[in-house]
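1. Return a 3D structure for these sequence lines:
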Amino acid sequence: MAENKGFTQLKADLKAEQLQNVYIFHGEETYLRSRYLQQVRQLLIPAGFEEFNDHHLNGKGLSVQALTEAVEAMPMMAQHTLVTVEDMDLFKLDEGQRNALIALLEDFPEYCTLIFLYDTLEYKRDGKMKKLTAAVAARATEVEFTQQGRQKMQKWVRRRFAAFDKELDSPYNTYKYPGLPAGPICCPGMDSILAAVYPNETDYFYFAAGKDGVNHFFKTYNEHLAFINSDMYQPD
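-> Numbers count the residues shown, from 1 in each chain. Purely as a prediction, here's the structure:
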């Protein structure tokens, strides 16, 4: 499945550390959405200053005037503010509120990043509201978090856990604390010891992981080599 344009833009923005002013986050992949929201927050808000610069609003019943006040609040001891609004149905606002929202989008403060989060509501433009549709298209980046294919999700999770392993504050984390760890590691259990002492009789001497999520076993080195040079092989 091809990546949507907004998702690609968000990743590029995070990599460049230069975010857009307005995003709309929606879609069924909620875990991925929360992870990218966390990355946005970490980029914009210095630790210890969340209370002053990280604003969370419930969109149900929220007026555009209250939203504008949050957006225009100046950052304190930071360069940016972040405003997240959950489940505000933009295309069900009355005409006066829609016009106020359009005015906000057209004169948006540079120091603020606003994210509309669609969690329990489905995000859908209403083409009949041409002015608001045009303003959203011109001023906001729509990011749809769709369900990822198995291989893509496996690679993403593997990268995340690899980074987490290096950051984990533990005496067993030799990325952070060089030298021997605090105690034994990789200790085999009794089943593993018995399996080594009393191995099953088999002609298989080689194995490799496949992209299908299964370990494949081979009797000869040539069979093993052919597999790891094929498109089926899943490197670590």
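2. ok, which stretches of this structure are strands?
-> Assigned strands in the chain, in chain order: 22-26, 54-58, 81-86, 112-117, 141-144, 206-209, 215-218 (criterion: DSSP state E).
3. how about the ones you listed in a markdown table, adding mean pLDDT, mean neighbour count and distance to residue 103?
-> In this view, the C-beta of every residue, glycine as well, is placed from N, C-alpha and C. Conversion of those to a markdown table gives the following (pLDDT from 0 to 100; neighbours: other C-beta atoms under 10 Å; distance: least, C-beta to C-beta, whole Å):
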| stretch | mean pLDDT | mean neighbour count | distance to residue 103 |
| --- | --- | --- | --- |
| strand 22-26 | 97 | 22 | 13 |
| strand 54-58 | 97 | 15 | 18 |
| strand 81-86 | 98 | 21 | 16 |
| strand 112-117 | 98 | 23 | 14 |
| strand 141-144 | 96 | 20 | 19 |
| strand 206-209 | 90 | 15 | 56 |
| strand 215-218 | 92 | 15 | 60 |
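4. Reformat those as CSV; add distance to residue 175.
-> Shown next, in CSV, are those (distance: least, C-beta to C-beta, whole Å):
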stretch, distance to residue 175
strand 22-26, 32
strand 54-58, 29
strand 81-86, 30
strand 112-117, 32
strand 141-144, 32
strand 206-209, 24
strand 215-218, 27
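5. Check the gap between residue 66 and residue 55 for me.
-> Relative to residue 55, residue 66 is positioned 11 Å away (criterion: C-beta to C-beta, to the nearest Å).
6. Low-confidence stretches in the protein?
-> Low-confidence segments of the chain (pLDDT under 70): 1-3, 148-168, 236.
7. ranges for the helices of the chain?
-> Remark: helices of the chain, listed N- to C-terminal, are 5-16, 30-44, 50-53, 64-72, 95-106, 130-139, 150-167, 190-197, 221-228; assignment by DSSP state H.
8. Now do the second one: everything it contacts.
-> Put plainly, it is helix 30-44. The list of residues contacting helix 30-44 from outside it, by C-beta atoms under 8 Å, 6 or more residues apart in numbering, reads 10, 14, 17, 19, 25, 27, 53-54, 78, 80-82, 84, 113, 115, 117, 119, 143, 145, 148, 156, 160.
9. And for the first one?
-> Contacts of helix 5-16 from elsewhere in the structure, counted by C-beta under 8 Å, 6+ apart, are 19-20, 23-24, 36, 39-40, 43, 141-145.
10. for the last one, same thing?
-> Contact with helix 221-228 is made by 205, 206, 207, 208, 210, 216, 218, 233, as judged by C-beta under 8 Å, 6+ apart.
11. could these go into a markdown table alongside distance to residue 125?
-> Below are the contacts of helix 221-228 laid out as a markdown table (distance: C-beta to C-beta, whole Å):
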| residue | distance to residue 125 |
| --- | --- |
| 205 | 59 |
| 206 | 55 |
| 207 | 51 |
| 208 | 47 |
| 210 | 42 |
| 216 | 47 |
| 218 | 53 |
| 233 | 43 |
